[in-house]
Every structure is written in structure tokens, then in C-alpha cells.
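[1] Generate a structure from the sequence data that follows.
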Amino acid sequence: MSLLKDLPELEKAGVITSETAVKIEAYYKSQHGSSTNKLFVVFGILGAILVGLGIILIIAHNWDELSKITKTFFAFLPLLVGQFFCAFALFKKKESVAWRESTSAFLFFAFGSSISLVSQVYNIPGNLSSFLLTWMLLCLPLFYVMKSSITSLLYLIGITYYACETSYWNFPTSTSYAYWALLLLALPYYYHLLKNKTKSNFTSFHNWVVPLSVIIVLGTITDKFEELMFVAYISLFGLVYLVGESKFFASQLSFRNGYRILGSLGTIICLLILSFDDFWGHLRQKDFLFDELARSPELIVSVLIAIIAGVMFFFHFKERGIKQLKPIAPVFLFFIPLFILGIYTPYPIFLVNILIFLIAIQTIRVGAHHNHLGILNYGLLTIAILIVCRFFDSNLSYVLRGILFVIVGAGFFFANYWMLKKRKEHG
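    Alright, predicted model coming up:
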């Protein structure tokens, strides 16, 4: 660093004291060391994964020529090697994040390879779902013992894949209710990260992976009343957004706050889908038998998520008041009566379009008030997408459609020009 080289000259000239020079040098060294440590962790994890995959490929190349005993030995070899290095990292390199993360990542994949190889050698019956479930259960203690965040992320991805394989790709023959228990078992470690390593990159990744996993898997609840899942999803997106707007997450940078971004985008996407008449027309033709509906998992989940989101909204509203309320936050509350109305009348399609438009206008207003180009353009983009949606399912003339696009394009230009000019005047 050129500043470090200039420190003796600055100290000699009396610009800074010797104590200040020592503090500056220590600060820059700590920053450089932190960057180096992060790179060491990343490359350590990648190296461990590549070494593990390389061993598997070498064994696989000569697999058919090996005896059953030799195959069994090589099936357990990666597992034994992984456990040895994990024990070494745990007792000898306990303070080294790179050692703990890289050895844990290696052992995670070693578990998977050993299970699959032993099953193949001894012809143990099973399918991909049972394999993934066994693999994840065996790896569950690993990130608690090793305090390994990369293993926790791999575990979350693994149980999400398990749920998709079980309930989406094998529907309706099997269900993945075990996913929710597996997720709950991983949450204490996530809480530990939030409490003790708030600004860690691993924590930031968890802030995206945890809500995204729940969003993906929620659809596996679907049985006979799939229309109700829109209530469940919009309530879930409202809940996720409110979590992102809580005191703990709201103060963090956007890339660390996956809850707020996923909640907002999910709500808008759901509303845009519901701005077409296809869903509402199908909903009006659906026969909802009360006895079946009351016992349906879709209704139970929808009501449960809506109640939790409602409680979150109550405390959020009580804390911030109506003036600081973001336009996305109360959407799930408006949608529930809209859904009920849509069972009997065609009016909700019109009201949903109005709701999207009002959200976009309010978002533009918030962006202008806070001098935030990202929020401003998000609102403008929402209006533009809404117009595109109406372009394909309306009877408007091409001239009128063209005029609407020109107006939106001009709005983008003038809104950004005004914002940049305002920044320049106050900058």
C-alpha cells in the first residue's frame, strides 16, 4: 500500500504522531489479512471438493476390475480420510476457519459417495429420495460439531433437493413432510450465525438459501385444492418481507438481506400472474366442499402462515406507524378477501391490477422520497411489466399500446433525470 510506505515521511514531517502511524499500519494489515483469510477459506473448500471428486473418478474408472472386498475398502476410504482430517482440524486447527470448512465439505461428499458405493456393491434397494434423506441425516451433526457453515448450506440445498425429488417429481405417489423436520433441526445453527456472525458472508448466503428453500418446498403441500396455494404463497412472501424489514435485517445491506428482496419480488410476481383471468375463471368453476376443504393441507398451511404473517405485521405496524409502512407489507392482508370474492365474482382481476398499480406508484414515491434510484426504477419497472401483461390479453389498439409504452419509457427517462439532477444539486 502506498499509504503505508508514506507513513515514516508523514510521521517525520509531524503530520501524524507515532501512535497514529502504528494504528494505521495495524488497521491496513488487519484488512489485508482478513481478505487473505477469506480467499484461503474459499480455495480450501474448492480444493477439498475437487480432491474428493477426483478420488471418486479415479476409483470409478477401475471399478469393474476390483473385487467386492476392494470395492468395500474404497467405498469407505473417502469417509475415513475425511473423518481423519476433520478430527485433525477439530483438535489441532480449531481456530482455522479454512481447515474446518474445507475438511467438513470433503467429509460431506464422502458420506454421499460411501452410501452410494456400498449400496451398489451389496445391491441394497432404494431410490434417490431415500438416498438423499439418509445422506442428509448422517451429515446433520457435521456442521454442529465442526461449526461449518459451508456444510450447513450444502445440507439446506440437499434437503430442498430431497423435497423436490420426493413431492414434485414423484407426485402424487409420495410426500416430503420429513423436509420440515430436517429444516427445523438446522435452524439452531442458523440462529447461531445470526447472533454471532451477523456480517459473515456465510450468514449472508444463509439469509438467501433459507427463505428460498422454504419458498421452493411450500408447493409440495399441494393436494386437491391447489388454488389455495396462492393464499399460502402470498402470505409467505408477506411474512418473508416483514422478516426482512425487521430491525435486525433492515439495517443490513441489500445483498445480505435476501428476505426483503425475495418477499418483494415474490409478491409482485404472484400478483402479476393473478392479473390474468385464467386463474380467476378456473377458481369460479371450482367446487369447494366444506368437509374436504376444512381437512385439506392447503387450507391449514394458508391459515397458519397468514396468522403468523398477521402477527408480524401487527408488531411491524405498531413499531413504525402508517407513514413508514412499505407498500408490499400489507398486500397479503388485502389479497385474502380478494381471493374469497373471486370464488363468486369476476371483479378481483380488476382489483388486482389496481393493487399492482398502486404498489408501483407508492414504490416510486418511496424511491423519490429516499433519493434511491433502485427503488424508483423498481416501481417504474413494475408498471412497465403490468402494461406488457395487459398488452397480450387486452383488446386495446396497437396505437394505444404504443402510446402507453412511450409514456412509460419517458417516465423512466425523466424520473431518473430528475433524481440525478436532485442528487447533483444536493451533492
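
[2] Which helix or strand lies directly C-terminal to whichever strand or helix holds Phe73?
    Applying DSSP states H and E as the criterion places Phe73 in helix 68-92. Downstream of helix 68-92, the next assigned helix or strand under DSSP H and E is helix 97-121.

[3] tell me the contacts of Met136?
    With Cβ atoms under 8 Å, 6 or more residues apart in numbering as the criterion, the residues that contact Met136 are 155, 158-159, 162, 182. Every C-beta, even on glycine, is put in place using the N, C-alpha and C of the backbone.

[4] could you redo the last one with a cut-off of 10 Å?
    108, 111-112, 154-159, 161-162, 178-179, 182, 185-186 (Cβ atoms under 10 Å, 6 or more residues apart in numbering).

[5] roughly how far apart are it and Ser129?
    The gap separating Met136 from Ser129 is 11 Å, by Cβ to Cβ, to the nearest Å.

[6] Please enumerate the shared neighbours of the two.
    161-162, 178.

[7] Okay, and which of these map to helices?
    Among these, the ones falling in helices (DSSP state H) are 161-162, 178.

[8] Now do the SS call for Gln324.
    What DSSP: H, G, I helix; E, B strand; the rest coil gives for Gln324 is coil.

[9] Repeat that for the one 4 residues further on.
    Using three-state DSSP, the secondary structure recorded for Ile328 is coil.

[10] how deep is it tucked in, by neighbour count?
    By other Cβ atoms under 10 Å, 24 other residues sit near Ile328.

[11] Contacts only, for it.
    If a contact means Cβ under 10 Å, 6+ apart, then Ile328 has 237-238, 241-242, 244-245, 260, 263-268, 271, 359, 362-363 as its contacts.

[12] any idea where the helices of the stretch 301-427 of the chain begin and end?
    For the stretch 301-427 of the chain, the helices defined by DSSP state H, counting those that start in this stretch cover 331-342, 348-369, 373-393, 398-426.

[13] so what does the second one touch, helix or strand wise?
    Looking back up the chat, that one is helix 348-369. Judged by 3 or more Cβ pairs under 10 Å, 6 or more residues apart in numbering; DSSP states H and E, the packing partners of helix 348-369 are helix 258-274, helix 277-285, helix 331-342, helix 373-393, helix 398-426.

[14] how about these, which one is nearest Val231?
    Nearest of those to Val231, taken as Cβ to Cβ: helix 331-342 at 5.5 Å.

[15] list the buried ones in that closest one?
    331-332, 335-336, 338-339, 342 (16 or more other Cβ atoms under 10 Å).

[16] returning to that earlier point: just among the shared contacts of Met136 and Ser129, which is most surrounded?
    That'd be Tyr162 among these, by other Cβ under 10 Å, with 24 neighbours.

[17] quick one: that residue from Tyr177, how far?
    11 Å.

[18] Pro141 too?
    The value you get for Pro141 to Tyr177, if Cβ to Cβ is used, is 22 Å.

[19] who has more neighbours, the two?
    Taking neighbours as other Cβ under 10 Å, Pro141 and Tyr177 compare with Tyr177 leading, 13 against 10.

[20] Report the contact partners of that one.
    Tyr177 touches 163, 166-167, 220-221, 297, counting by Cβ under 10 Å, 6+ apart.

[21] Return the member of the residues you listed nearest to Leu386.
    For the contacts of Tyr177, the nearest to Leu386 is Ile221 (29.1 Å; Cβ to Cβ).

[22] I'd assumed Val214 was in contact with the closest one.
    No - using Cβ atoms under 10 Å, Ile221 makes no contact with Val214, being 11.3 Å away.

[23] list residues touching both of those two?
    With Cβ under 10 Å, 6+ apart, Ile221 and Val214 have common neighbours Trp180.

[24] The two: which has the busier surroundings?
    Between Ile221 and Val214, Ile221 has the larger neighbour count (other Cβ under 10 Å), namely 21 against 18.

[25] distance of the more buried one from Thr175?
    Ile221 is 9 Å from Thr175, by Cβ to Cβ.

[26] Leaving out sequence neighbours, find the closest residue to Thr220.
    Nearest residue to Thr220, sequence neighbours excluded (Cβ to Cβ, 6 or more residues apart in numbering): Ser167, at 3.5 Å.

[27] let me fix that: Val81
    That would be Ala110: by Cβ to Cβ, 6+ apart, it lies 7.1 Å from Val81.

[28] surely Thr220 meets Ser213?
    No - taking contacts as Cβ under 10 Å, Thr220 lies outside contact range of Ser213: 11.5 Å.

[29] Need the residues touching each of those two.
    163, 179.

[30] for stretch 143-160, the distance to its chain's centre please.
    15 Å (Cα atoms, centre = their mean, to the nearest Å).

[31] Sorry, wrong one. I was asking about stretch 339-358.
    The answer for stretch 339-358 is 29 Å, by Cα atoms, centre = their mean.

[32] returning to that earlier point: only the buried subset of the contacts of Met136, as a PyMOL command please.
    Remark: buried members of the contacts of Met136, expressed as a PyMOL selection using 16+ other Cβ under 10 Å:
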select buried, resi 108+111+112+154+155+156+158+159+161+162+178+179+182+185+186
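
[33] any idea which of the contacts of Met136 is the one closest to Leu80?
    Using Cβ to Cβ, these come closest to Leu80 at Phe111, 11.7 Å.

[34] Can you get me a residue count around Glu226?
    13.

[35] cool, Ser102 as well?
    By other Cβ under 10 Å, neighbour count at Ser102 equals 27.

[36] my guess is it contacts Phe88, does it?
    No - applying Cβ under 10 Å, one finds Ser102 not in contact with Phe88, separated by 11.5 Å.
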